[in-house]
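**Student:** Okay, predicted coordinates and the sequence, questions at the end:
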Amino acid sequence: MSSDAEDSLAVVVYREDGLWQSGVLPEKVNDNLDGLVAVLRQQPAENGAIGLVNVADEFFVAVRVRGEETRLLLSDVTAAVAWDLARQVVRELGMDAPGDDDLEDVWPAGDLSIFTDLGLDEMELGAVLADLDAYADEMLLSIADRIGFAEVYDRALEAAAL
């Protein structure tokens, strides 16, 4: 079993006064779905806050909170076999973790319409997630670019690298 926190980076993205903002989230939420949701609820967001957690470039979790609503997306459900955060997301979605026979295929789990109102529909998001040659960081950058917050997302990544 791997510790997500050591190999992860969580970024929050939200709109305030019509402009995208971003920040790096504390490491303690990298493998704690409840903690991540709680931190996202504290953001001063117009349309809710988006949490993007890249776990070891293996998979990512997107969480979107708006009021009491929480929407989840896991880029690869098979990550639930080895990673705490993925297992928590699968459990929250009411799914069973994949068995050993299911590990050959990679597929997303959760809400593929999570970003539809931001201009990224299910088909386009599905295409990003279907690129088996892309690492999680590349998928997240593609999503950020398509929605329009790539610049602030990039700034958060640079701040985390310091």
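**Tutor:** Sure thing, it's come through.

**Student:** Which secondary structure state does the residue nearest to Ala97 when sequence neighbours are not counted sit in?
**Tutor:** The shortest distance from Ala97 to any non-neighbouring residue, by C-beta to C-beta, 6 or more residues apart in numbering, is to Ala80 (4.2 Å). Every residue, glycine included, has its C-beta placed from N, CA and C. Secondary structure assignment for Ala80 (DSSP: H, G, I helix; E, B strand; the rest coil): helix.

**Student:** residues contacting Ala80?
**Tutor:** Leu74, Ala86, Arg87, Val89, Val90, Ala97, Pro98 (C-beta atoms under 8 Å, 6 or more residues apart in numbering).

**Student:** In three-state terms, label the fourth one for me.
**Tutor:** Assigned with three-state DSSP, Val89 falls in the helix class.

**Student:** Which pair of the contacts of Ala80 spans the longest distance?
**Tutor:** Spanning the widest gap among the contacts of Ala80 are Val89 and Pro98, at 12.8 Å by C-beta to C-beta.

**Student:** So which residues of this protein form strands?
**Tutor:** Under the criterion DSSP state E, strands of the chain are mapped to 8-16, 19-24, 49-55, 59-66, 69-74, 109-110.

**Student:** Export these to TSV and append columns for distance to Phe149 and mean neighbour count.
**Tutor:** Formatted as TSV, the strands of the chain follow (distance: least, C-beta to C-beta, whole Å; neighbours: other C-beta atoms under 10 Å):
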stretch	distance to Phe149	mean neighbour count
strand 8-16	5	22
strand 19-24	4	16
strand 49-55	8	26
strand 59-66	12	25
strand 69-74	16	19
strand 109-110	20	20
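
**Student:** Serialize those to a markdown table and add fields for mean pLDDT.
**Tutor:** What follows is the strands of the chain, written out as a markdown table (pLDDT from 0 to 100):
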| stretch | mean pLDDT |
| --- | --- |
| strand 8-16 | 94 |
| strand 19-24 | 95 |
| strand 49-55 | 97 |
| strand 59-66 | 96 |
| strand 69-74 | 97 |
| strand 109-110 | 96 |
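
**Student:** Point to the residue nearest the middle of the chain.
**Tutor:** The geometric centre of the chain, computed from its C-alpha atoms, lies nearest to Ala62 (C-alpha atoms, centre = their mean), at 2.2 Å.

**Student:** got a list of what that residue touches?
**Tutor:** Ala62 makes contact with Ile50, Gly51, Leu52, Val53, Leu72, Leu73, Ser75, Gly110, Ile114, Phe115, Ile143, according to C-beta under 8 Å, 6+ apart.
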